[in-house]
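**Student:** Task: produce atomic coordinates for the following.
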Amino acid sequence: MKKTRFTLSALALIILMFSMQASGQQVKKTAGHKGYKIGDVATDFKLKNVDNKMVSLSDFKSAKGFIVVFTCNHCPYAIAYQDRVIALNKKYATKGYPVIAINPNDPKAEPIDSFEGMQKRAKEKGFTFPYLFDDGQKIYPQFGASHTPHVFVLNKENGKNIVRYMGAIDDNYAKPNDVSHKYVEAAVDQLLAGQRVAVATTVAIGCGIKTAKI
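**Tutor:** Residues are numbered from 1 along each chain as shown. All right, here's what the predicted structure looks like:
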């Protein structure tokens, strides 16, 4: 009898392990690449913009760097930050740091984040920066983006795009008027002044990136 109980327990444990492995496959695929660290060179990419044109970082010949924002249509955090992302581009694009927004979500997992949805949102909000679709979800794992929004400030050095900041836009997504620390603005201002970024990493607060892959 004891042998039977042990066998059943062992069988249950094996089933549980296989169940956990199956449910964790999606996480492993998205989290397997830890992404860039501060000081790493960011690889260029070519993604489709909402105007149906392909866009690469190399297209911006006069840029001193980039504010790469992984964002989307549906996430409440991303929506709360949309006006601030627009303001970042307005303030820094003319200084050499344009915003490059990328939607990393799989529309099969979140239909609102379809390419057509992106086009609609860009038109509604009057985006003045590229809003690119990470088709096939190949770019966000390279960066190590995990949430929407998740920001990476790149500085162009000797023709290479070096990661100098990654994390949140600021420290208060819900109340823009109560923000104490504007992390992205501080990082770009310091880079423009030829200084080291004092706070190079923060925790990105937002919705987890959605994938339908198994």
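**Student:** how's this structure carved up into domains?
**Tutor:** The chain is divided into the following domains under automatic domain parsing: 1-32, 34-208.
**Student:** hey, which of those domains is tucked in deepest?
**Tutor:** domain 34-208 (a mean of 18; mean count of other C-beta atoms under 10 Å). Bear in mind the C-beta positions are built from the backbone N, C-alpha and C, glycine included.
**Student:** I'd like the mean pLDDT over stretch 38-56, please.
**Tutor:** Here stretch 38-56 scores 98 as its mean pLDDT.
**Student:** What is the end-to-end distance of it?
**Tutor:** 21 Å (C-alpha to C-alpha, to the nearest Å).
**Student:** and for that stretch, what are the contacting residues?
**Tutor:** By C-beta atoms under 8 Å, 6 or more residues apart in numbering, the surrounding residues in contact with stretch 38-56 are 36, 57-58, 68, 100, 102, 115, 118-119, 122-123, 127, 130-135, 138-139, 142-143, 152, 154, 160-166, 200-201.
**Student:** cool, and stretch 138-152?
**Tutor:** Taking C-beta under 8 Å, 6+ apart as the rule, stretch 138-152 contacts 30-36, 42-43, 45, 47, 67-72, 75, 77-78, 81, 85, 102, 104-105, 134, 163, 165-169, 183-184, 204-209.
**Student:** Alpha carbons only: can I get that stretch in PDB?
**Tutor:** Taking C-alpha atoms only, stretch 138-152 is exported to PDB below (Å, rounded to 0.1, in the frame of the first residue of the first chain):
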ATOM      1  CA  LYS A 138      12.500  40.300 -32.600                       C
ATOM      2  CA  ILE A 139      13.600  43.700 -31.400                       C
ATOM      3  CA  TYR A 140      12.300  44.000 -27.900                       C
ATOM      4  CA  PRO A 141      14.100  40.900 -26.600                       C
ATOM      5  CA  GLN A 142      17.400  42.400 -27.900                       C
ATOM      6  CA  PHE A 143      16.900  45.500 -25.800                       C
ATOM      7  CA  GLY A 144      15.600  43.500 -22.900                       C
ATOM      8  CA  ALA A 145      12.300  45.500 -22.800                       C
ATOM      9  CA  SER A 146       9.800  44.000 -20.400                       C
ATOM     10  CA  HIS A 147       7.000  46.500 -20.000                       C
ATOM     11  CA  THR A 148       5.100  49.200 -21.800                       C
ATOM     12  CA  PRO A 149       6.400  51.800 -21.500                       C
ATOM     13  CA  HIS A 150      10.100  50.900 -21.200                       C
ATOM     14  CA  VAL A 151      12.600  53.500 -22.300                       C
ATOM     15  CA  PHE A 152      16.200  53.200 -23.600                       C
END
